[in-house]
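*Asks:* sequence first, predicted coordinates after that:
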Amino acid sequence: MLIDLIYRKLKADITLLGQESSSSAARYELRTSTKNSPLHLTIPSMPLYSTLDSASSTTNSPAYVTAPNEFEGTFSLSTTNAVTQVNGLNREDPTRNHRRESWNFEKLGKGITKGDRRWSGSGKHASGNLSISSTNAVVELIL
């Protein structure tokens, strides 16, 4: 899915639907971008064991992305002349199997953050990726 706006605020809630099976996991590609306007993307949910590859970008405005509880994989945030932020919500295991959430990140300078998020104890991990970027404004990921 591609959403591309120019000079318009982008605010979207996108729920990814599909079969929840570890043997036939779905792969979702999502691209959102705007220019000179804020970007707010929320992905409330996606099927268990599926993979999400998402790239969100804007210029001269903040970018905020909320990842679904089911997301596992890497993430990267970048901006210029501002900061990147990663915040967690301490969510429950989406499988209800009492797995523990683990996320790590490293700031590689003022405007770059890279990290990953996993659910421990399952042995199977999706290899998704979230990329969020802007210029001259804050970039925030909520896990």
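*Replies:* In hand now; what should we look at?
*Asks:* residue 132 sits in which helix or strand?
*Replies:* Using DSSP states H and E, residue 132 sits within strand 128-133.
*Asks:* that strand: which residues count as buried?
*Replies:* By 16 or more other Cβ atoms under 10 Å, the buried positions in strand 128-133 come out as 128, 130-133. Quick note: C-beta positions are derived from backbone N, CA and C, even for glycine.
*Asks:* out of these, flag the one nearest to residue 59.
*Replies:* For the buried residues of strand 128-133, the closest approach to residue 59 (Cβ to Cβ) belongs to residue 133, at 9.0 Å.
*Asks:* per-residue pLDDT, the closest one?
*Replies:* As predicted, residue 133 sits at a pLDDT of 97.
*Asks:* with residue 109 instead?
*Replies:* 84.
*Asks:* secondary structure class for it?
*Replies:* coil (DSSP: H, G, I helix; E, B strand; the rest coil).
*Asks:* make residue 1 into 505 and carry on from there
*Replies:* Right, with 505 as the first residue, what we last looked at is residue 613.
*Asks:* what's the neighbour count on residue 548?
*Replies:* Using other Cβ atoms under 10 Å, residue 548 has 12 neighbouring residues.
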